[in-house]
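**Student:** With the sequence up front, the predicted model follows.
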Amino acid sequence: MISADEIREHMEVLAQDGAHVGTVDHMDGESRIKLTKKDSADGQHHYIPLDWVDHVDQHVHLSKDADTVKRDWSVN
């Protein structure tokens, strides 16, 4: 299981298919990642659950492809 402590501000978030889906703004509690709005197409913050994270190295790697991530992330 991935720990919220492994995820740092400004880390790039990559979908399972290697596509860039965002940049970490910060952890929102212990269970979801808030993405920056600066590289968001709609100019909003998006949130992804920590359980979508497959592994963390210098990037946050998700277990879902980019289309699924963008369809299922939340905006609040």
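**Tutor:** In hand now; what should we look at?

**Student:** What segments of this structure are helices?
**Tutor:** 66-72 (DSSP state H).

**Student:** Please name the bridge partners of His26.
**Tutor:** Using DSSP bridges, the beta-bridge partners of His26 come out as Lys34.

**Student:** Can you list the low-confidence ranges for this protein?
**Tutor:** Within the chain, no range satisfies pLDDT under 70.

**Student:** one more time with 90
**Tutor:** 1-2, 39-41, 76 (pLDDT under 90).

**Student:** could you pull out the strands for it?
**Tutor:** Secondary structure of the chain (DSSP state E): strands located at 12-14, 20-28, 32-35, 47-49, 53-56, 59-62.

**Student:** neighbours of Asp65, just the number please.
**Tutor:** Residues contacting Asp65 under the criterion other C-beta atoms under 10 Å number 15. Glycine gets a C-beta too; all of them are placed from N, C-alpha and C.

**Student:** Roughly how far does it sit from Asp72?
**Tutor:** Distance, Asp65 to Asp72, by C-beta to C-beta, to the nearest Å: 11 Å.

**Student:** got it, and Leu14?
**Tutor:** From Leu14 over to Asp72 the distance is 16 Å, taken as C-beta to C-beta.

**Student:** of the two, who's got more company?
**Tutor:** Neighbours per residue, other C-beta under 10 Å: of Leu14 and Asp72, the larger number sits with Leu14, 18 against 11.

**Student:** my read: the more buried one touches Val56, true?
**Tutor:** No - using C-beta atoms under 8 Å, Leu14 makes no contact with Val56, being 10.6 Å away.

**Student:** Need the nearest residue in space to Asp65, chain neighbours excluded.
**Tutor:** Asp17 (4.6 Å; C-beta to C-beta, 6 or more residues apart in numbering).

**Student:** what about stretch 40-55, start to end distance?
**Tutor:** With C-alpha to C-alpha, to the nearest Å as the measure, stretch 40-55 spans 22 Å from end to end.

**Student:** before we move on, what about stretch 31-39?
**Tutor:** OK, stretch 31-39 end separation, C-alpha to C-alpha: 22 Å.

**Student:** do you know how far the residue lying closest to Pro49 once chain neighbours are set aside is from Met1?
**Tutor:** Nearest residue to Pro49, sequence neighbours excluded (C-beta to C-beta, 6+ apart): Arg32, at 5.2 Å. Going from Arg32 to Met1 by C-beta to C-beta gives 15 Å.
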